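Colleague: Give the three-dimensional model of this entry:
(4 chains)
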Number of protein chains: 4
Amino acid sequence: MSEEGGFLHFVEHQTPNTWVMHRVRRVLYSGATRYQRVELLDTYDFGVCLILDGKLQSSAADEWIYHEALVHPAMLTHPHPRRVAIIGGGEGATAREVLKHGCVEEVVMVDIDREVVELAKRKLRFMHRGALSHPKLSLAFMDGRRFLEEARQSFDVIIVDVTDPLAGGPSYLLFTKEFYDLALKKLGEEGVLATQATSTTYSIACFASIAKTMASSFPIARAYRAWVPSYASEWGFVVGSKHHDPAALSVKTVAKRLRERSVKELKFYRARLHRQLFTHPKHLERALKERGRLIRDGQPIYMPA
Amino acid sequence: MSEEGGFLHFVEHQTPNTWVMHRVRRVLYSGATRYQRVELLDTYDFGVCLILDGKLQSSAADEWIYHEALVHPAMLTHPHPRRVAIIGGGEGATAREVLKHGCVEEVVMVDIDREVVELAKRKLRFMHRGALSHPKLSLAFMDGRRFLEEARQSFDVIIVDVTDPLAGGPSYLLFTKEFYDLALKKLGEEGVLATQATSTTYSIACFASIAKTMASSFPIARAYRAWVPSYASEWGFVVGSKHHDPAALSVKTVAKRLRERSVKELKFYRARLHRQLFTHPKHLERALKERGRLIRDGQPIYMPA
Amino acid sequence: MSEEGGFLHFVEHQTPNTWVMHRVRRVLYSGATRYQRVELLDTYDFGVCLILDGKLQSSAADEWIYHEALVHPAMLTHPHPRRVAIIGGGEGATAREVLKHGCVEEVVMVDIDREVVELAKRKLRFMHRGALSHPKLSLAFMDGRRFLEEARQSFDVIIVDVTDPLAGGPSYLLFTKEFYDLALKKLGEEGVLATQATSTTYSIACFASIAKTMASSFPIARAYRAWVPSYASEWGFVVGSKHHDPAALSVKTVAKRLRERSVKELKFYRARLHRQLFTHPKHLERALKERGRLIRDGQPIYMPA
Amino acid sequence: MSEEGGFLHFVEHQTPNTWVMHRVRRVLYSGATRYQRVELLDTYDFGVCLILDGKLQSSAADEWIYHEALVHPAMLTHPHPRRVAIIGGGEGATAREVLKHGCVEEVVMVDIDREVVELAKRKLRFMHRGALSHPKLSLAFMDGRRFLEEARQSFDVIIVDVTDPLAGGPSYLLFTKEFYDLALKKLGEEGVLATQATSTTYSIACFASIAKTMASSFPIARAYRAWVPSYASEWGFVVGSKHHDPAALSVKTVAKRLRERSVKELKFYRARLHRQLFTHPKHLERALKERGRLIRDGQPIYMPA
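Modeller: Here you go, the predicted model:
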């Protein structure tokens, strides 16, 4: 057959009225864990994709854009991050990026879903590249929020790499003011937290709300963004900081820190890009100001919004 | 997730311009044998479907329509079928129907693809219902045509249950005059052969050609049809007979034979339906006459046509 | 551009989980009347299609299957139909078929939507072929039920050619016992009524309910069916009769009447097909018996069901 | 009907394996000019869209991102643009942006397709906002290249706002070195040319080739990019300049020029964004260097590539 399995399509809804269809070459895995559905699909254009509950999380073709964008702005804002916590991050690519910083001594990765991490270990080596078994990494399988509540030590950087806030999903309580207040307490003096913050287009109110909520907890909070092709959208992130302004780092400082920490094999991030990430078109700047609301445990926000 | 995996769609092309999309609940199996791609997809509307090279072969919801329509008209045309050959029939449902006729003593099922049959044994019990391990059944894994060439004994009924004739596929040489001439030689005096004959709509020239080609080999050849929902088309069949006219069987004769042979658990076929299957609308009658051509090994026909 | 407009797809949902996609060559008309949305789409496989509220009503490629199947069994059941009422039938093809019967003296066509009929007059000549301006035809634009209530004369045949019973749509009260009781009163002694009765597959409960409801009003009611490719389903019809059994007409009688009435240019229907239409597979026969319920004004039925 | 026409989908292929489906509320226009197919589709998520040959050109929801990104970087690079030529630009939105610069005295817009411009005048007022009838604007309907060949006067800025380079399409010869050499000759001493340069993702080789080809003709050529949601991709642009480096303009200079020229109603572009547009992620920077080739009339490039 000339189509080689191209009769299966993975359809992702950006909204109820705009869909993206990916032709699938092969289904590598299809199952369900205690928490979510899990698929590994080999697509024609984006290679192997990890799909959780029907949403594309990471594609072989461009997961490094998302993961580098999520990790490095926060890591470089902190002058010497030693202890890092990753909330979520099942495929191990966030850990991979964190561990590129030579100064890091300890990474704790807390994912609620042990089965996803086990699957990633076996089948997504090209994503984690061994990070999931790195001697500096320890894994905990539990709710990220409970982990922080119970954590005795503080962290220099916390990276929130969880699925989108969906009603009924496992992640929506990791985007609330209560969560950010908790995280703030667990961060050291120069502590920094970065989170994915959904689409800058299809869930702009959600993005703006996360930025606004972070700003209500953190002394400094900056929204930034990057185009991630497999998400078919520009993607939003927010970094909160107790002391240093992420958007004010000079090219020189970033370059120096990258060098000192021997950060290697970057494909997306670079010193000259750092500030660019935080500079937005007029309409996005305005949306960040005018849209969005405080997200609370009792008033959570769900995508799409 | 409320959609429970409904983000995967199985898309079948009736033509390059008309497609049917089936939402998929789960992928139960996805792989490739030496001969073809194989998928077991659990669809929302048709339940578990066997897909070979991207074409739906059998769905839990209505495989019995196709298999009863393929098997019983031929079996009832023969007054006392004892030895039956099935060419293809991997999922075992054709064997299941054949074995319902108490008079049958021996069934040889010849499928080119051992892996599909093994998979069906393990995962499609609700289709074969044990027929693949029935004491009267013997399995051979080889090309159906070579099997007939080498067969020493003759058969009362031959059922051709193979994939559509696709360029490059494993089946197109099982729809040619050379094949029917060979089959004719291997049939007993009252011998009957039935074959699936593709869509009566989207490949009407193909259907008409198979009917015409059968008619060039067999003393009597009759085209018939049944609506198979999961194929999203009325489906064509042709039965060739050396002696008895399948379209002339009376309701009484059919009923009597069904009773004598203790044929049970029919869901689609019944005595009163028999003749109806052979009566066509005017346009189809005309198409069967005017369209179609002799199919030869050197001039095969491929769907869609 | 090689695709010639093929970037537009008309998507019809058989169910929420099974869709048919038709590539569209050109949009000939797109608008809305007081009652419904109306589109004329030139599709690649089925030619020009009339779409009402997103549902394909008639395609150039096969509207004659639907219209011949709807009209002729009823017309031939009546020994000498002179006055015929058509409820619905906007594109004029039902009138075209009715007018083929030379014995017909008067046809009243009652469509709620004048704009659709005007559009058909101008743009669908290949469907109505002049029937909408035929001297024997009179047009009324009003609700079909009110028309019958107010009708002073009786009819020999009533053809109900309306859109599917959809919640909120204009047709669902034309499928209830109250409607059939009313129609019965307006039919002459040998009167016959035929109605489309939705899909035999995707709305089997609806089909069975229409049959059951007709049977509760008419002395004789017979369900029948035909494969209509552009509907991607076998389609159901029911004919109710005050005196003559439609399913009992002999081939000879049908042939004689067709001849006497000079019925010409049939493409689907023929004498030998008549009885076949009423003979069903076992599962459909059973569904007609076991499924379905009485449809009442106060308990209407909606597709899909 | 609750879906209000949502049964029509506009499907755009990013590649043969990745498609975007837009549900369509209404088809406002569907036809063909001498040069191309033209559709005006009212989509649910992006409002009214102009579609040429099946490719989305401009959506009500975000055409201003594309048009502001195309026009202002070039206009602000030139210290005092008086005469501007627009090649293409049928919907009039590029003219609208150009005319926002108070210093502009004369705009010539050259579109090959008079019918598209006439249609835009009538039906896309919310896009051109009167620009197509602005006293400073003159319209010419001819091939853009021939226009430049025959132009007697020189221009300060040329904006190339044409459809993607598709084999057989009307635009592919407006992306070649021969075209850029010609344009260079028709530009004044401080002249600047900006062109759309296709997707930075799905046609990266095309984008890089346009950048490389511009760089072979212009003393200075800079590639830039912006996320355009309705294109479902980040989009590329290239600006070529004879004297001033577009990427080196300071925020201050941009702000001053915007003020002096009374540029109003910007929704996307702003002074602080200017430099950001030219700063790229590492992989894009590398792709611009390593991929791409010289495009010549005899060796044109076509999307997707």
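Colleague: domains of chain A?
Modeller: Using automatic domain parsing, the domains assigned to chain A come out as A:8-59, A:63-290.
Colleague: nearest to residue D:70, of the ones you listed?
Modeller: domain A:63-290 (13.7 Å; C-beta to C-beta). No exception for glycine: its C-beta is placed from N, CA and C like everyone else's.
Colleague: Surely residue A:79 is in a strand?
Modeller: No. Residue A:79 is assigned coil when assessed by DSSP: H, G, I helix; E, B strand; the rest coil, not a strand.
Colleague: And for it, nearest residue in space, chain neighbours not counted?
Modeller: Leaving aside its sequence neighbours, residue A:79 sits nearest to residue A:190 (C-beta to C-beta, 6 or more residues apart in numbering or on different chains; 6.3 Å).
Colleague: quick one: the one you found and residue A:243, what's the gap?
Modeller: 5 Å (C-beta to C-beta, to the nearest Å).
Colleague: mind checking which of the domains of chain A is nearest residue D:181?
Modeller: Across those, closest to residue D:181 is domain A:63-290 (C-beta to C-beta), at 31.5 Å.
Colleague: tell me the average confidence for that closest one?
Modeller: Domain A:63-290 carries an average pLDDT of 97.
Colleague: Report how many residues lie close to the residue nearest to residue A:79.
Modeller: Counted with other C-beta atoms under 10 Å in any protein chain shown, the neighbours of residue A:190 add up to 16.
Colleague: now do residue A:204
Modeller: 20.
Colleague: cool, residue A:141 as well?
Modeller: 15.
Colleague: Please apply the same query to residue A:272.
Modeller: For residue A:272, the tally of surrounding residues (other C-beta under 10 Å) stands at 15.
Colleague: Could you do residue A:6 as well?
Modeller: The local packing of residue A:6 (other C-beta under 10 Å) involves 17 other residues.
Colleague: residue contacts, it?
Modeller: A:23-25, A:44, B:54, D:17 (C-beta atoms under 8 Å, 6 or more residues apart in numbering or on different chains).
Colleague: which residues touch the closest residue to residue A:171 other than its chain neighbours?
Modeller: Among residues not flanking residue A:171 along the chain, residue A:162 sits closest, at 4.2 Å (C-beta to C-beta, 6+ apart). Residue A:162 makes contacts with A:87-88, A:144, A:170-171, A:174, A:195-196, as judged by C-beta under 8 Å, 6+ apart.
Colleague: on that earlier part again, let me have the domains of chain A in CSV, extended by distance to residue D:260.
Modeller: What follows is the domains of chain A, written out as CSV (distance: least, C-beta to C-beta, whole Å):
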stretch, distance to residue D:260
domain A:8-59, 40
domain A:63-290, 19
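Colleague: can you tell which of those domains is closest to residue D:8?
Modeller: domain A:8-59 (11.4 Å).
Colleague: So is the closest one next to chain B?
Modeller: Yes. Contact between domain A:8-59 and chain B, assessed by C-beta under 8 Å from any C-beta of the partner chain, occurs at A:8-13, A:21, A:24, A:26-28, A:30, A:36-37, A:39, A:41, A:51, A:53-54.
Colleague: pLDDT of that domain, averaged?
Modeller: Domain A:8-59 comes out at a mean pLDDT of 96.
Colleague: Next, report how far it is displaced from the centre of its chain.
Modeller: Here domain A:8-59 is found 18 Å from its chain centre; the criterion is C-alpha atoms, centre = their mean, to the nearest Å.
Colleague: wait, does it make contact with chain C?
Modeller: No. Domain A:8-59 does not reach chain C (C-beta under 8 Å from any C-beta); its nearest approach is 11.0 Å.
Colleague: that older thread, tell me which of the contacts of residue A:162 is nearest to residue B:59?
Modeller: Relative to residue B:59, the closest of these is residue A:170; by C-beta to C-beta it sits at 33.7 Å.
Colleague: Name every strand pairing with the strand or helix carrying residue A:9 and say which way it goes.
Modeller: In this structure, residue A:9 is located in strand A:8-15 according to DSSP states H and E. Next to strand A:8-15 in the sheet, as set by DSSP bridges, lie strand A:18-32 (antiparallel), strand B:8-15 (antiparallel).
Colleague: residues in contact with the helix or strand following the longest one?
Modeller: I take that to be strand A:18-32. As assigned by DSSP H and E, the chain's next helix or strand after strand A:18-32 is strand A:37-43. The contact list for strand A:37-43 (C-beta under 8 Å, 6+ apart) reads A:10, A:22-32, A:48-54, A:59, A:115-116, A:119, A:123-124, B:1, B:4-5, B:8, B:27, D:17.
Colleague: Quick check: next helix or strand after strand A:37-43?
Modeller: Next in sequence after strand A:37-43, counting helices and strands by DSSP H and E, comes strand A:47-52.
Colleague: What is the neighbour count of the residue in the stretch 51-200 of chain A that chain C sits nearest to?
Modeller: Of all residues in the stretch 51-200 of chain A, residue A:54 sits closest to chain C, at 14.3 Å by C-beta to the nearest C-beta. Using other C-beta under 10 Å, residue A:54 is surrounded by 21 other residues.
Colleague: That one touches residue A:30, doesn't it?
Modeller: No. Counting by C-beta atoms under 8 Å, residue A:54 does not reach residue A:30; the two are 11.6 Å apart.
Colleague: for stretch A:229-249, which positions count as buried?
Modeller: By neighbour count with 16 or more other C-beta atoms under 10 Å in any protein chain shown, stretch A:229-249 contains the buried residues A:229-242, A:244, A:246-247, A:249.
Colleague: touching chain D at all, that stretch?
Modeller: Yes. Judged by C-beta under 8 Å from any C-beta, stretch A:229-249 and chain D are in contact via A:229, A:232-234.
Colleague: Just name the closest of these to chain B, please.
Modeller: Nearest to chain B among these, with distances taken as C-beta to the nearest C-beta, is residue A:232, at 13.7 Å.
Colleague: Now that closest one. Nearest residue, chain neighbours left out?
Modeller: Leaving aside its chain neighbours, residue A:232 sits nearest to residue A:20 (4.5 Å; criterion: C-beta to C-beta, 6+ apart).
Colleague: and what of residue A:133?
Modeller: Nearest to residue A:133 is residue A:121, by C-beta to C-beta, 6+ apart, at 7.4 Å.
Colleague: mind listing the helices for the stretch 151-300 of chain A?
Modeller: Taking DSSP state H, counting those that start in this stretch, the helices of the stretch 151-300 of chain A run over residues A:177-186, A:204-217, A:251-260, A:282-290.
Colleague: just those: most buried one?
Modeller: Of all these, helix A:204-217 carries the top mean neighbour count, a mean of 23, counting by mean count of other C-beta atoms under 10 Å in any protein chain shown.
Colleague: That one near chain D anywhere?
Modeller: No. Applying C-beta under 8 Å from any C-beta, one finds helix A:204-217 separated from chain D by no less than 10.1 Å.
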